[in-house]
Every structure is written in C-alpha cells, then in structure tokens.
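In: Here is the input, now give the coordinates:
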Amino acid sequence: MTDLSHPSRSALRDAAHHIWTRERVWLAFAGLLAVVFVVDAPLGASSVQFTIRNLIDVAPFLLLSIGVAAYASATGADGLIARAFTGSPAVMIAVAAVAGGLSPFCSCGVIPLIAALLAMGVPLSAVMAFWLASPVMDPTMFMLTTGVMGAEFAIAKTLAAVGLGIFGGTVVHALSRAGALADPLRDGVGNGGCGASKVRAPQPVVWAFWHDDTRVAKFLREAVKTTLFLTKWLALAFLLESLMLAWIPAELVTRALGGTGIVPIGVATLVGVPAYLNGYAALPLVGGLLGQGMAPGAGLAFLVAGGVTSLPAAIAVWALVKRPVFALYIGIALTGSFVSGLLFQLWVSL
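Out: Predicted coordinates:
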C-alpha cells in the first residue's frame, strides 16, 4: 500500500523552512508581540499603535528613497552614482560625515537612504561615515539642543557627530585596504564595499526607462523587494523601541548618570546604549541632569552613544551588514562617544 503522507510532510517541511529562512524578522515581530499581549494586553495595543504611527511618520523618507533606488537600478544610473564616490577616500569620508551631521534624517529616516547607497555600490567607508554622523544631529535637533542646553553644547554635539563620522569612515577605509572587510554586506543587500561591481562594469543609462518593459519590470521588482525588506526591519525596531520606553524607568537612567568627573563619562557611554530613549526625549532628561551637576562630557557622551546605537539605527546596521561590521560599528560608536565626552569635558574645564 502506498504511503501518501511523505509528500505532504515534505511539502510542509519545505514550506516551514522557506518561511523560517525568508521571514525570520516577521516571525520574531509576531512572536514578541504575542508575548507582550499575553503579559500586558494594553501595552501590546499601545506598542502596535506606536509602531504604526512611526511607520507612517517615516513613510515619506521610505518611499522617496525606495523610488530613487528603484529608478537608479532600472535606468542604470546607480553606476553613475557609485562612480561619484570613487574619488579621494579622505574627501568622500569628510563629505559624507558633514552631510550626515547636517542632514535632516533621523535614525529611522536614514535607514532606507543607507540601504539605497549600499545597493548602489557606494564604498562602505563613506557610508559608515554618514551612518555614524546622521543619527546624532540634524537641524531640528540642533535648535532643540540649543534651547535646552545652550549653543555651546549644541555646537559640541554637531562637531562630535562629524568627528565620529570621519573617525569611523577612516577606520573602515583602513581595514578595507588591509582586506578585512572585503565582503561586508549581507546576501541580497547589494554589492557595495570597496570593489563596487557597478563601477568596474558600467552600463549605458536609459533615463526614460518606462519605454522598456524589461526595465519597468526591474523597477517594480526592486521597489517591492526594498519595501518589504525595509518595512519588516523598521517594524521590529519600532516595536522594540516601544517596549524599551515602557520598561526602562527614567529614574534608573538618572541614578546611573548622576555625579561629576571623568568616570561618569565612561558610565554614560555604556549606559547610553541600552537606556537611550530617542533624540528628543533624551534632551530634557540630560538637561535636567546637567542642572543637577552632571559632568557636561558625560551628557555629551550619553547623547552621542545613545543616538548612534539607538534601536532603529542599530537594527538598520544589523539588517544590512554582516556581524563583524556590526560589531565594528558598535565599537567605533562607543570609542568615539567616549573620546567626544572627554574632549568636551576638557574644553569646558579650561
């Protein structure tokens, strides 16, 4: 008698394997949300609202960047964009760091832009410089920081953002030249790095791609793929951020960062990683601590380290690059934040 159960079991196994390998992020999102609803249903509902609201807020950045990336891919202009970043590494890194420090992108809005740059073959050193600087400062943040902590602190934070970007880009460039980061991106993200195949083998650009059915299909395929990829990671990031805001008391952060001297700078750098709320929520907290006698360098270190390693920014790095590059990102962020805090503390002590 023929056993018909094996094909069905095999099909189920294959389907489960496909879902696990392809939809791991959504499974993690659904599993975590289910646990939250079981433990605290009102928190689960508010977390869903928080996630949806933030996805809507970041949608304009997301759609614009996805459209630009898909258009560049369909027309072949991504090769031109990549070649624009093939000049002097020092100039590329400096320009990227300054652009990151002055750009209006938040740590969430920069995710689709970074994904587009990597997919276009922009060197990782320039991308890392922009990546590190962008979450720390933007024009709105500068104005709010000036209002809460004064112009001197706002300028110091801006310089820290640019300096961190230049430092990180330089480290990545040096490691890349030594062959340590030959293949930094996760599979399917793009062929960025320092090789950039689009630069080595440029193709003719067809700006009016909609006259070519093949290019139209490529545009739609790239747009859908990028949208799904970025949406799942952003959704998980916002869900985790909502839980962090709910479960980490502000009083705990206050106790950990109180005091004066150099030691709190190191503590603030480390505490800034798990305890950071978001750029705007952290300002009044740190402003209040400074008013209570907290070392200015510790405040700067907390804001810089927390901004770069905030959940949306860190998850973006985790999603796009391999684990050694992610570890390098965190290491550069902590080192640069600590040094920035020390330098600012020395400056205000003069």
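
In: mind listing what residue 330 touches?
Out: 273, 309, 314 (C-beta atoms under 8 Å, 6 or more residues apart in numbering). C-beta here means a position set from N, CA and C on the backbone, and glycine is covered the same way.

In: hmm, I was thinking of residue 319
Out: 25, 186, 229, 233.

In: Return the member of those residues nearest to residue 209.
Out: Closest approach between the contacts of residue 319 and residue 209, by C-beta to C-beta: residue 229, at 21.5 Å.

In: Check the chain and tell me which residue is nearest its centre.
Out: Closest to where the C-alpha atoms of the chain average out (C-alpha atoms, centre = their mean) is residue 313, at 2.7 Å.

In: That one in helix, strand or coil?
Out: Secondary structure, DSSP: H, G, I helix; E, B strand; the rest coil: residue 313 is helix.

In: Most neighbours of all the contacts of residue 319, which one?
Out: residue 233 (20 neighbours; other C-beta atoms under 10 Å).

In: pretty sure it is in contact with residue 316, am I right?
Out: Yes - if you go by C-beta atoms under 8 Å, residue 233 and residue 316 touch, sitting 6.8 Å apart.

In: quick check: mean pLDDT across the helix or strand where residue 117 lies?
Out: Assigning secondary structure by DSSP states H and E places residue 117 in helix 110-119. Mean pLDDT, computed over helix 110-119, is 67.

In: Could you do stretch 306-316 as well?
Out: pLDDT averaged over stretch 306-316 gives 76.

In: same deal with stretch 135-148?
Out: On average, stretch 135-148 scores 80.

In: Reformat the contacts of residue 330 into a markdown table and put neighbour count next to each item.
Out: Listed next are these as a markdown table, based on neighbours: other C-beta atoms under 10 Å:
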| residue | neighbour count |
| --- | --- |
| 273 | 18 |
| 309 | 22 |
| 314 | 21 |
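
In: can you tell me which of the residues you listed lies nearest to residue 51?
Out: Out of these, the member with the shortest distance to residue 51 (by C-beta to C-beta) is residue 314, at 16.8 Å.
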